[in-house]
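K.L.:
predicted model and sequence below, questions to follow.
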Amino acid sequence: MNVFSGSGQSLDLSNGGTEVFIEVLMLAVSGLAEAEWDYRFAALLTLQDQNVMGRGSVGFDLQDIAWGTSTAERARSKDFVLRSITLALSRHRWSELGYDPPFARDYLLQFQSMVESLVPIDGTGTGAGFPSPEERAVASCAHHRILSALPHWEGCFLCVRPRAS
């Protein structure tokens with residue numbers, strides 16, 4: 001089971017549910033990312049790729065994210081995630097998935113509730129497990145326009161997805 005947690009809540013997803021959740025969120029994040037923090041969050045999402053990290057072994061706690069060192073930085077980071085969720089809820093680019101994700105809306109609404117309830121903690125903003133500025137996802141798949149872990153991995157999630165035979 002893959003677990004995304006925060007604000008006393010958790011989103012426990014099957015392997016397939018995790019793929020759907022990350023894919024629809026990644027499409028939105030790729031469309032909105034502008035600042036360094038946004039690209040770090042995108043890198044965190046790329047690390048949820050079970051084809052690379054292992055099935056049933058991904059997830060993160062919202063408190064482990066380095067939201068920022070100032071109140072303004074933390075508010076801006078949280079706003080980015082909420083705007084990404086809102087864009088994903090609008091079915092942004094879902095037609096490119098090649099399938100209809102029937103439970104994606106429920107996953108996104110639960111994650112939205114978790115993020116809205118979150119009060120990012122004060123601190124240095126180091127965030128255990130949160131990608132560093134040097135590890136941010138700056139590469140974008142030229143074909144699909146999705147931020148990815150290129151050049152470290154072969155391509156974005158649409159490029160490397162196993163094809164039905």
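P.N.:
Structure received. Numbering: from 1, shown residues only.
K.L.:
any weak-confidence spans in this structure?
P.N.:
49-57, 122-128, 138-165 (pLDDT under 70).
K.L.:
going by residue numbers, what spans are strands in this protein?
P.N.:
2-6, 9-13, 139-140, 147-148 (DSSP state E).
K.L.:
and among those strands, the most buried is which?
P.N.:
strand 147-148 (a mean of 26; mean count of other Cβ atoms under 10 Å). (Each C-beta comes from the backbone N, C-alpha and C, glycine too.)
K.L.:
identify the residues contacting the residue most central in space within the chain.
P.N.:
The C-alpha lying nearest the average C-alpha coordinate of the chain belongs to residue 45 (Cα atoms, centre = their mean; 3.5 Å). By Cβ atoms under 8 Å, 6 or more residues apart in numbering, the contact list for residue 45 reads 22, 25, 26, 29, 137.
K.L.:
for residue 44, same thing?
P.N.:
Applying Cβ under 8 Å, 6+ apart, the residues near residue 44 are 60, 65, 129, 130, 131.
K.L.:
what's the answer for residue 11, then?
P.N.:
Taking Cβ under 8 Å, 6+ apart as the test, what residue 11 contacts is 3, 4, 5, 21, 107, 110, 111, 114.
K.L.:
ok, now residue 111?
P.N.:
Counting by Cβ under 8 Å, 6+ apart, residue 111 makes contact with 4, 11, 21, 25, 85.
K.L.:
wait, doesn't residue 42 sit right on residue 31?
P.N.:
No - with contact defined as Cβ atoms under 8 Å, residue 42 does not count as touching residue 31 (10.7 Å).
K.L.:
okay, these two: which has more neighbours?
P.N.:
For the pair residue 42 and residue 31, the greater number of neighbours falls to residue 42 (27 against 16), based on other Cβ atoms under 10 Å.
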